[in-house]
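S.K.: need a structure here:
(one chain, ligands or ions: 1)
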Amino acid sequence: MEKLNPTKRDNFGSKLGVVAAAAGSAIGLGNIWKFPYITGVYGGGAFLFVYLGFILAIGLPIMLSEFVIGRKGGRNPFGAFKKLAPNTPWKYVGLMGVAAAFMILSFYGVIAGWSIEYVIKSLGNQFHEKSPAELNTLFSTFQESTITPVLFQLLFMVATGAIVMIGIKKGIEKFSKILMPVLVLIIIILDVKALSLDGAAEGLRFLFYPDFSKLTSEGVLSALGHAFFTLSLGMGTIITYGSYINKKNNLIHTAIQVTVADTVIALLAGIAIFPAVFAFGIEEASGPGLVFITLPNVFELMPGGYFFSILFFVLLTIAALTSSISILEVAVSYFSEELKIKRRNATILATVLISFLGILCSLSMGIMKDVTFFDLNFFDLLDWISANMLLPLGGMFIALFTGWYLGRKKIKDEILHGGYISKFFLNGFLFLVKILAPVAIAVVFLHGIGLISF
Ligand code: TRP
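M.R.: Numbers count the residues shown, from 1 in each chain. Okay, the predicted model is just below:
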């Protein structure tokens, strides 16, 4: 018998609390760091187009699926599958999610560490009167160094672990509600400035005009992987959060609100970055450093840029925190509820293990650059395996589980607590999760890794 009583678990206090926490999880470095950088690498508009299609046709229905599984299961992903599908191998989908959580958080912490470093650089007015080339050097010198990035990554991981240890409600809810709107405001201000730059038209054209000849199968797989990454899907984060949602919440509304907010913020970030990329002659395909070498140029030109840059990187770090706690939570809830390790110890254990992997990620930018696997350094390897492989596969299983195993009646019953769904939408949803999403994911995945081609 399960000793845990789900009704005794912490719940999100208010409606806004759920949306804010799930949005806090979804909105993070994925939107502001990763989206612009991979859009640059994979050629702009066509990539964006495919990515938006995946968000709508695959991301949104899978987010709803995760909410349904989570609230119905009332547990961590592994436990939720075990409860909803006893004595079946479905629980291993939950386990795969725990593995993905370890990988994602280890490189996530590195980028968040960069963001902290940029808070300090902003405070020290280090972007002042620097040319685009100098700002580029400022970034690459720092990123390749050995000690500082590791220290900031560890600092970020300690903060993440501490917040998770304090607990769901107090820790997570408070943070996300107030600060995310401020971040959005700053990005909008950056957009206005970016649109006034000389490169604005070219930047917007790059971002929005779909030139499909630039699209590769690897680009399509990355667009799919990123749709999962940015919405925090495919490894049980949203299942875990769903388990904290009370029965009065309208899951469909929540899923739509989170998806829309996440997508809008990614687009706003893109609109701030690409005009500047062209205005300052920065290489679009610069890779993971794109945001850090582009935006300081914009801050430099803005009235009040000194303060905006401090505020921006502080809030980016906090946005990263509200995401990283949701990743760590998956591992911690698994350790504590399934392996019966005390929550406190589980948090320490997971944080230490992930931080260690993170150190390797950080070093792989500099002194360990030449240690590669399949031509990828350690950082890119973890990013690639988790985002392009584990999340889409996890998402595929989550869709199949919802559509085929839970099935129509259970889905409907769960949604009807606090919500309403018409027959038309229910049928549409079932088609997406039973057939379209799994088939699309399988095709994109096999094509992306080169196992099939058309
Ligand atoms: N979605 C977050 C971002 O965009 C990162 C994140 C949080 C995540 N939880 C996740 C990614 C779960 C994948 C899976 O920054």
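S.K.: now the strands for the protein?
M.R.: 372-373, 376-377 (DSSP state E).
S.K.: of all the ones you listed, which one is nearest Val220?
M.R.: strand 376-377 (18.6 Å; CB to CB). Placement of C-beta: from N, CA and C, glycine included.
S.K.: wait, what's in contact with the spatially closest residue to Phe206 that is not a sequence neighbour?
M.R.: Leaving aside its chain neighbours, Phe206 sits nearest to Gly44 (4.3 Å; criterion: CB to CB, 6 or more residues apart in numbering). Gly44 makes contact with Phe206, Leu207, Phe208, Tyr209, Asp211, Lys214, Phe274, Glu284, according to CB atoms under 8 Å, 6 or more residues apart in numbering.
S.K.: how close does the closest residue in space to Ser65 that isn't next to it in sequence sit to Ala21?
M.R.: Leaving out its chain neighbours, the residue that sits closest to Ser65 by CB to CB, 6+ apart is Thr402, at 3.9 Å. Counting by CB to CB, to the nearest Å, the gap from Thr402 to Ala21 is 22 Å.
S.K.: what do you get for Leu155?
M.R.: On the measure of CB to CB, Leu155 and Ala21 end up 23 Å apart.
S.K.: these two: who's more crowded?
M.R.: Ala21 (28 against 16; other CB atoms under 10 Å).
S.K.: isn't the more buried one right up against Tyr241?
M.R.: Yes: Ala21 sits in contact with Tyr241 when judged by CB atoms under 8 Å, with a separation of 6.2 Å.
S.K.: list residues touching both of the two?
M.R.: Ser326.
S.K.: got the contact list for Val50?
M.R.: Counting by CB under 8 Å, 6+ apart, Val50 has contacts Leu215, Gly219, Val220, Ala223.
S.K.: of those, which belong to helices?
M.R.: Under the assignment DSSP state H, the contacts of Val50 contribute Gly219, Val220, Ala223 to helices.
S.K.: among those, who's most crowded?
M.R.: Of those, with other CB under 10 Å as the count, Ala223 tops at 26 neighbours.
S.K.: so that residue sits right up against Ile55, yeah?
M.R.: No: between Ala223 and Ile55 there is no contact under CB under 8 Å: 9.2 Å.
S.K.: show me what contacts Pro275?
M.R.: Counting by CB under 8 Å, 6+ apart, Pro275 has contacts Ala194, Leu195, Leu197, Gly199, Ala200, Glu202, Gly203, Leu204.
S.K.: what about 7 Å?
M.R.: Ala194, Leu195, Leu197, Gly199, Ala200, Gly203, Leu204 (CB atoms under 7 Å, 6 or more residues apart in numbering).
S.K.: please, a PyMOL command that selects the buried ones among those?
M.R.: Per 16 or more other CB atoms under 10 Å, the buried members of the contacts of Pro275 correspond to this PyMOL selection:
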select buried, resi 194+197+199+200+203+204
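S.K.: the residue in the chain positioned nearest to the ligand: how many residues sit nearby?
M.R.: Of all residues in the chain, Gly30 sits closest to the ligand, at 2.1 Å by CB to the nearest ligand atom. Around Gly30 there are 28 other residues, counting by other CB under 10 Å.
S.K.: tell me how far the residue lying closest to it once chain neighbours are set aside lies from Ala320.
M.R.: Nearest residue to Gly30 in three dimensions, chain neighbours excluded: Thr230, at 4.0 Å (CB to CB, 6+ apart). Using CB to CB, one gets 13 Å for the distance from Thr230 to Ala320.
S.K.: the bottom helix or strand of the chain by mean pLDDT?
M.R.: helix 15-26 (a mean of 79; mean pLDDT, DSSP states H and E).
S.K.: downstream of that one, the next helix or strand is which one?
M.R.: Sequence order places helix 29 as the next helix or strand after helix 15-26, per DSSP states H and E.
S.K.: show me what that next one is packed up against.
M.R.: Judged by 3 or more CB pairs under 7 Å, 6 or more residues apart in numbering; DSSP states H and E, the packing partners of helix 29 are helix 91-123.
S.K.: the helix it packs on: which residues count as buried?
M.R.: Buried, per 16+ other CB under 10 Å, within helix 91-123: 91, 93-98, 100-119, 121-122.
S.K.: do stretch 198-218 as well
M.R.: Going by 16+ other CB under 10 Å, stretch 198-218 has these buried residues: Gly199, Ala200, Gly203, Leu204, Phe206, Leu207, Leu215, Ser217, Glu218.
S.K.: still on that earlier bit, which one in the contacts of Gly44 is the model shakiest on?
M.R.: The member of the contacts of Gly44 with the lowest pLDDT is Lys214, and it reads 91.
S.K.: quick one: contacts for it?
M.R.: Here Lys214 is in contact with Gly43, Gly44, Ala46 (CB under 7 Å, 6+ apart).
S.K.: good, we can wrap up now.
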